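S.K.: Sharing a sequence plus its predicted fold:
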Amino acid sequence: MEVMEDDPASEKCLTIKATLLARARGDFRPKFDPKFGFTESNLELTGGMSMSFNHEDCKRQCLAYIQQHGFPRYDAADYGIRIVEADVAENETYWRVIGVYHLKPEENRGNHHVYFEVLNEAEQRLTSPHAWAGWTWEGRQPHERADPTPLDKPAHETAGNIPIDRAGQIVSVWIKGLSPEADEPSDRVENLRTDHPDERAPDGSLGNSIGHHSFYVIFQRTRKGPPAVADGVISGQVLNGQDYTVRLLREQQVVAEQTVGADFSFRFERLPAGTYQLEAIGPTLRQDGITLDADHKAHTVILSVS
């Protein structure tokens, strides 16, 4: 048995205290740490969050972003994550995704989870009653269970979480409603997976590795507004790129494409607000992070074939 260090604020002491709390809840699993080894006093806390991830700050940033731009903050696009909007009529209440965030290595610390936040119309976490999340994965068999997850954690944690148990598992999540049997309209977040390349924290530690990536997904109960006016324009040129194919993507999905003409130009019109990516194929040139919103309704992009 290991002896606890005298200092109650020491790193090992804090780890053991957190582990005992997780043990009481049943939210833990063994984890090897190169500093402390594979011991019962060093466990991956599956029911809580890495202490270095400030989910409250992330939530506030996502709320500010969607209020300013009218569409979700979407930091996970480079990881192939898709948001599938609920098919609801104007003025119908549904669960809207307002943010999807991929945890940085120094925030994740080797975990492999989808963490949830769920808010009411007043931007407060739902409690009494709490909400429930639904989830599944590609290739799931009838005998494999994916029970609804209660989003009932204390305020200092995210509302709830599910583990992505293995590299290659491709998970989808949504909100069921205020009971595990509910089936309320909800956006879905799809293609959540952990088989992404290794990523090191600033101190050199391997906080994200193949099989160990995590995501934070924020839902809000809201009422469907009127259709957004699709008046955005993305245009430009692919210099020396005659006969190139130019593709416009949103959330990793191709929404339009054109063939570049003799003047090397392209133009995509009547685009709704959102963040787009532009690809010119042959070989591939790419421009990410093209954002259309109320303040930026047109963008000009120049790509050059060397």
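M.R.: Structure received. Residues are numbered from 1 along each chain as shown.

S.K.: going forward, measure contacts between C-alpha atoms and count neighbours the same way
M.R.: Will do.

S.K.: and E107, what element?
M.R.: According to DSSP states H and E, E107 maps onto helix 105-108.

S.K.: Against A228, how distant is the residue nearest to G168 when sequence neighbours are not counted?
M.R.: Excluding the flanking residues, the one nearest G168 by C-alpha to C-alpha, 6 or more residues apart in numbering is D195, at 5.8 Å. Here D195 is placed at a distance of 35 Å from A228 (C-alpha to C-alpha, to the nearest Å).

S.K.: Compare neighbour counts for those two and give me the winner.
M.R.: D195 (17 against 10; other C-alpha atoms under 10 Å).

S.K.: measure N54 to W95 for me?
M.R.: Counting by C-alpha to C-alpha - N54 and W95 are separated by 23 Å.

S.K.: Looking at those two, which has the bigger crowd around it?
M.R.: W95 (26 against 14).

S.K.: what's next to whichever strand or helix holds that one, contact-wise?
M.R.: Per DSSP H and E: W95 is located in strand 93-102. Outside strand 93-102, the residues that touch it by C-alpha atoms under 8 Å, 6 or more residues apart in numbering are 59, 62-63, 66, 71-76, 83, 85-86, 88, 175, 184-189, 213-224.

S.K.: Out of these, name the ones that lie in strands.
M.R.: 73-74, 83, 175, 188-189, 215-223 (DSSP state E).

S.K.: Would you point out which residue is most central in the protein?
M.R.: Nearest to the mean C-alpha position of the chain, counting by C-alpha atoms, centre = their mean, stands V100 at 2.9 Å.

S.K.: Give me the neighbour count for the closest residue to that residue other than its chain neighbours.
M.R.: Among residues not flanking V100 along the chain, V217 sits closest, at 4.7 Å (C-alpha to C-alpha, 6+ apart). Close neighbours of V217, defined as other C-alpha under 10 Å, add up to 23.

S.K.: partner residues bridging V217?
M.R.: V100, F116 (DSSP bridges).

S.K.: Numbering from 387 from now on, please.
M.R.: From this message on, residue numbering opens at 387, which makes the last subject V603.

S.K.: if I pick it, what's in contact with it?
M.R.: 483, 485-487, 500-503.

S.K.: Could you measure from it over to H516?
M.R.: If you go by C-alpha to C-alpha, the gap between V603 and H516 works out to 16 Å.

S.K.: which residues sit against stretch 557-569?
M.R.: So stretch 557-569 is contacted by 481, 515-524, 534-536, 550, 570-579, 605 (C-alpha under 8 Å, 6+ apart).

S.K.: Any of the residues you listed buried? List them.
M.R.: Among the contacts of stretch 557-569, the ones that count as buried by 16 or more other C-alpha atoms under 10 Å are 481, 516-523, 534-536, 550, 570-579, 605.

S.K.: From the rest of the structure, what touches stretch 454-462?
M.R.: Contacts for stretch 454-462 (C-alpha under 8 Å, 6+ apart): 448, 451-452, 483-488, 659-660, 679-680.

S.K.: Relative to N626, which of the residues you listed is nearest.
M.R.: Looking at these and their distance to N626, the nearest is G660, at 28.6 Å (C-alpha to C-alpha).

S.K.: Quick check: that closest one touching A680?
M.R.: No. Using C-alpha atoms under 8 Å, G660 makes no contact with A680, being 10.2 Å away.

S.K.: got the contact list for the residue nearest to G554?
M.R.: Taking C-alpha under 8 Å, 6+ apart, one finds 553-554, 595-599 in contact with D581.

S.K.: So, low pLDDT: which residues of the protein?
M.R.: 387-437 (pLDDT under 70).

S.K.: who are the neighbours in contact with the residue lying farthest from the centre of it?
M.R.: What lies farthest from the middle of the chain is A648; by C-alpha atoms, centre = their mean that is 40.5 Å. With contacts defined as C-alpha under 8 Å, 6+ apart, the neighbours of A648 are 628-629.

S.K.: Give me the phi and psi for it.
M.R.: For A648, the backbone dihedrals (degrees, to the nearest 10) come out as phi -60, psi -30.
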